[in-house]
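> whatever this is, show me its structure:
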Amino acid sequence: MFKKRHEKKNHTSRLSRRGLGRSGVLPQALRSANHQVQMAENDIVAAILANGGQAEMAEILAALELGRGARKGLHETLLNLASQKVLRLRGDDLYEVREPRDFSQGVLSVNPRGFGFVTLDPPPARNQPSDVFIANRNLGEALHGDRVLIQVSPSRDGRLEGRVLKVLNRGIEKVVGIYKSGTPTGMVTPEDERFPFGILVPREKTLGANDGEAVVARITEYRHLGGTNCLGEIVEVLGDPDSLRVQTEIVIRKFQLPHRFSPEVETQVAKISDAVEVGDGRLDLRLVPHITIDGETARDFDDAVAIERLKDGFRLYVSIADVSHYVPAGSPLDAEAYQRGTSVYFPTAVVPMLPERLSNDLCSLVPNQDRYAFSAILDFDRQGRPQGKRFAKSVIRSCYRMTYNLVRQIVIDQDQAVRDQYPALLDSLSEMERLARLLLGERMGRGSIGFELPEAFVEVGPDDTVQDIARRERNFAHQIIEEFMLAANEAVAHALDDHHLKGGLYRIHETPDPVKVGEFSQFAKGMGLAIPDEGTGTPAWFGRVLDLAKGSPQEYIVNNLLLRTMKQARYSPDNVGHFGLAASHYCHFTSPIRRYPDLMVHRALAAWLAGGAKPTKKALPRKADDEPSAEAVAGDFLSGRERVAVDAEREMVDRLKVRYMEDKIGESFAAIVSGVTSFGLFVELIDSFVSGGVALTDLTDDYYHLDERNHRLIGKRSNRIYQIGSLVRVTLTSVEKYRRRINFVIEAKGR
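So this is what the prediction gives:
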């Protein structure tokens, strides 16, 4: 940021307070080459815009930290900008940006192919594009992740196109890459293709890194000496990039995931008492036979369930670890949990939201241990319709740690040998299955969309290699827990709304864009699906489409494509319902060990139960008169943290998939076409969900052209068609491990 040279003058400090960073090239730009003059002009326009669109000569000089000796050169540049009709002169010394609406700012996202998009901030008016295309020639010195000022204008095809005027804030300081030694400087090549430059590192600043090791480099000088590379230093040596452990560390650094707890947090956690007492305001539910149902490899158990058969229906207990008891609002631990937002799960490791003493011990509902919980006690009639609800802070004592497979063997398979091992659970599990089926029927009956998106299960062996990638098994035991958690989340959301509770967040899912739904409908009909025309875009319509594809090889693709037509679910203090669940009220209450929004909901509910006091907001950003509420700020921030976690988890799995496939060159696989582009096809292997590409140049049996409207390639002579959903047989030809690309060719017999 610029330092203010004339603090005593209001007109100069006003510009400086707006935070325009000095590029360091302006004085030289005023007396040298065209490129530098252009940079000077950009700085000047940025300074005037930061001052509200108008500024006097003295204000501009002070904001850019120029002495009076630069006045003549600055005056000439201002006149030049006026002649270009970028500025207009009002009076003798007031310069004004002619069309301030043509200038915007936002965060730049660069594509590996060189162009970029700027996501505008604040967002534009409704139905206006939220991002602006930036051609490679118009990026200037901006890098991926930078906050930039851009000049916007319509291009020939009518879409918005921009030119970067100034980098307002650098988005990156540290980059993960591979080190190559050299004399007198080595080079770190960023692992992320969106950073098309190297980082020159003097030998004395390498931390002893060896050739080929993965490292973290800090950039100390952007675009060193005006070239394409930057200057920096190595601040961390990660090790051999072929190690899965190191690959995990690379992803953690790349996505800037907080992964070390501060000494203040460690001290706070060390002082937490492990005593559990039934005190005032706590309901003693230790005699209610709760059980946990999770995967075989689960380490933290944040939800336990129990059921009672009533005369007229069922009573369901959904008891969730009371994280709020251990995490006071505004404490160092709370601030750390908020910044993380969510736990991040990799096949190789977990980056937890809370320290292990909480997530795997005090807040984990392990069997035969008293644990603080927050219980939702829900009554249903014999048809599974809600009849009543109450909530209480509680103490529970889980009886059994069950797994999905065990529950399946007992309830679905009726495996007598397994049933004989758990006689005390047979009646409860039978009632749970019955209630879950009723809840599922009620939910689907109101129009909830039943997406079936199987996940890839990655098995990592003790030798630090990927042993297998297969479809993760899902059975009705998963559905039992899912239905109970959904019921609890809806009940709590109704309570938040009914009692106007503040401090919590809803989980909202807005109505899809009709244009995207229409595009999907047209495309799906091209695949041969008899898509209904009535009720297009309603939850019920989505459900009918999924039913049409159910059981077919195209089911997974249809589910994925249909999901892409929808908006992303997010957190908000304003309840607009949840489209995908066809629910008028929904929130996240059931996983406070791994999601901060759940903790916020717990606090809001607890404050109401304790007498209606508003929950504290110490952990959230303070609200000024012209700013959104603290809850709205938190909702946006935590939604963003969730997206980062999802992207990181997806990339880690992709890295493991590449390593799994590298020794399978020449092998044949059943696949389905998942994407069509002008340069080829994307395919996904049916058994392992591994994705790869088929280059257009490798389709040698014909000349194929792209039918862009219908998302397909058509052979000129044979009229052979490849479109999304086409089943093919492919052979693996190569694996580009460090670029995470898997290349196939289509076998002749698969055509």
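> what's across from the nearest residue to V235 once chain neighbours are set aside in the sheet?
Closest residue in space to V235, ignoring its immediate chain neighbours: R218 at 4.9 Å, by C-beta to C-beta, 6 or more residues apart in numbering. In this view, the C-beta of every residue, glycine as well, is placed from N, C-alpha and C. Applying DSSP bridges to R218 gives these bridge partners: K174, E233.
> surely R218 touches G232?
Yes - assessed by C-beta atoms under 8 Å, R218 is found in contact with G232 at 5.5 Å.
> between these two, tell me which one has more neighbours.
G232 (25 against 16; other C-beta atoms under 10 Å).
> residue contacts, the closest residue to P202 other than its chain neighbours?
What sits nearest to P202 in space, not counting adjacent residues and going by C-beta to C-beta, 6+ apart, is T185, at 5.3 Å. With contacts defined as C-beta atoms under 8 Å, 6 or more residues apart in numbering, the neighbours of T185 are L200, V201, P202, R203.
> can you lay out these as JSON lines showing neighbour count?
Shown next, in JSON lines, are those (neighbours: other C-beta atoms under 10 Å):
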{"residue": "L200", "neighbour count": "23"}
{"residue": "V201", "neighbour count": "28"}
{"residue": "P202", "neighbour count": "13"}
{"residue": "R203", "neighbour count": "11"}
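> what is the burial count for R709?
Count around R709 with other C-beta under 10 Å applied: 10.
> which of the contacts of T185 sits closest to L285?
V201 (59.3 Å; C-beta to C-beta).
> contacting residues around that closest one?
Y179, T185, G186, M187, V188, A217, L231, G232, E233, I234.
> most widely separated two among these?
Y179 and L231 (14.6 Å).
> K166 against A46, yeah?
Yes - counting by C-beta under 8 Å, K166 touches A46, with 4.3 Å between them.
> buried ones among the contacts of V201?
Among these, the ones that count as buried by 16 or more other C-beta atoms under 10 Å are Y179, T185, G186, M187, V188, A217, L231, G232, E233, I234.
> list just the nearest of those to F255.
For the buried ones among the contacts of V201, the nearest to F255 is A217 (16.4 Å; C-beta to C-beta).
> the closest one contacts L231, correct?
No - taking contacts as C-beta under 8 Å, A217 lies outside contact range of L231: 9.9 Å.
> now the common contact residues for these two.
I199, V201.
> what separates the residue of the chain most remote from its centre from K85, distance-wise?
Largest separation from the mean C-alpha position in the chain: D92, at 51.4 Å (C-alpha atoms, centre = their mean). Distance from D92 to K85, counting by C-beta to C-beta, to the nearest Å: 20 Å.
> F195 now?
Counting by C-beta to C-beta - F195 and K85 are separated by 36 Å.
> okay, the two: which has more neighbours?
Legend: neighbour count by other C-beta under 10 Å for F195 and K85, higher for F195 (21 against 9).
> residues in contact with that one?
Counting by C-beta under 8 Å, 6+ apart, F195 touches V110, L143, H144, I172, V175.
> helix/strand/coil for it?
coil (DSSP: H, G, I helix; E, B strand; the rest coil).
> can I see the domain layout of the protein?
By the record's domain assignment, the chain is partitioned as 10-98, 101-169, 174-241, 266-440+471-478, 483-647, 662-750 (automatic domain parsing).
> pull the distance from the shortest one to the chain's centre.
Domain 174-241 has its average C-alpha position 27 Å from the chain's average C-alpha position, going by C-alpha atoms, centre = their mean, to the nearest Å.
> and the last one, by the same measure?
Centroid displacement of domain 662-750 relative to its chain, using C-alpha atoms, centre = their mean, is 28 Å.
> check the fifth one too.
Taking the mean C-alpha point of domain 483-647 and that of its whole chain, the gap between them comes to 14 Å (C-alpha atoms, centre = their mean).
> start and end of that domain, how far apart?
26 Å (C-alpha to C-alpha, to the nearest Å).
> now do the contacts for the most centrally placed residue in the chain.
Among the residues of the chain, the one closest to the centroid is R643, at 1.0 Å (C-alpha atoms, centre = their mean). R643 sits next to Q568 when contact means C-beta under 8 Å, 6+ apart.
> could you do the one 4 residues further on as well?
Taking C-beta under 8 Å, 6+ apart as the criterion, D647 is in contact with F255.
> helix, strand or coil for it?
helix.
> distance check, it against A634.
Distance, D647 to A634, using C-beta to C-beta: 20 Å.
> can you check R720 too?
53 Å.
> compare the two (neighbour count), which wins?
More crowded of R720 and A634, by other C-beta under 10 Å: A634, with 26 against 15.
> so what's the residue lying closest to V323 once chain neighbours are set aside up against?
Distance criterion C-beta to C-beta, 6+ apart; nearest residue to V323, sequence neighbours excluded, is P592 at 4.0 Å. Contact analysis of P592 by C-beta under 8 Å, 6+ apart lists D302, I320, A321, V323, S324, C363, D598, L599, H602.
> can you list which of those are found in strands?
I320, A321 (DSSP state E).
> between the contacts of P592, which is nearest I412?
D302 (24.7 Å).
> list the contacts for that closest one?
Each residue near D302 by C-beta under 8 Å, 6+ apart is listed here: I320, A321, V323, C363, S364, L365, T590, S591, P592, I593, R594.
> next, it: phi, psi?
phi -100, psi 0 (degrees, to the nearest 10).
> tell me how far it lies from G725.
Applying C-beta to C-beta, the value for D302 to G725 is 39 Å.
> and for R603?
47 Å.
> ditto for L78
60 Å.
> which of those two has more residues huddled nearby?
Per other C-beta under 10 Å, whichever of L78 and G725 has more neighbours is G725, with 25 against 21.
> pLDDT wise, what is that one at?
On the pLDDT scale, G725 is placed at 85.
> you'd agree it is up against N559?
No - with contact defined as C-beta under 8 Å, G725 does not reach N559; the gap is 11.8 Å.
> pLDDT weak spots in the stretch 201-350 of the chain?
Low-confidence segments of the stretch 201-350 of the chain, defined by pLDDT under 70: 224-226.
> nearest to R434 among the contacts of V201?
A217 (58.9 Å).
> please report the distance of the closest one from E233.
For A217 relative to E233 (C-beta to C-beta), the value is 7 Å.
> now N560
For N560 relative to E233 (C-beta to C-beta), the value is 43 Å.
> same check, this time on D302
In terms of C-beta to C-beta, D302 sits 42 Å off from E233.
> now do T733
Counting by C-beta to C-beta, the gap from T733 to E233 is 40 Å.
> same question for L160.
L160 is 39 Å from E233, by C-beta to C-beta.
> try R650
R650 is 31 Å from E233, by C-beta to C-beta.
> for S726, same thing?
Taken as C-beta to C-beta, the span from S726 to E233 is 51 Å.
> cool, L548 as well?
In terms of C-beta to C-beta, L548 sits 58 Å off from E233.
> verify the contact between I410 and M432 for me.
No - counting by C-beta under 8 Å, I410 stays clear of M432, with 10.5 Å between them.
> in terms of packing, which of these two has more residues around it?
Higher neighbour count among I410 and M432: M432, with 25 against 22, using other C-beta under 10 Å.
> T342 and D280, how far apart?
33 Å.
> and the strands in the stretch 551-700 of the chain?
570-572, 668-677, 680-685, 691-695 (DSSP state E, counting those that start in this stretch).
> would a markdown table of the ones you listed with mean neighbour count, distance to R71 and mean pLDDT be doable?
What follows is the strands of the stretch 551-700 of the chain, written out as a markdown table (neighbours: other C-beta atoms under 10 Å; distance: least, C-beta to C-beta, whole Å; pLDDT from 0 to 100):
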| stretch | mean neighbour count | distance to R71 | mean pLDDT |
| --- | --- | --- | --- |
| strand 570-572 | 22 | 50 | 96 |
| strand 668-677 | 19 | 54 | 92 |
| strand 680-685 | 22 | 58 | 94 |
| strand 691-695 | 19 | 58 | 95 |
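> sounds good, over and out.
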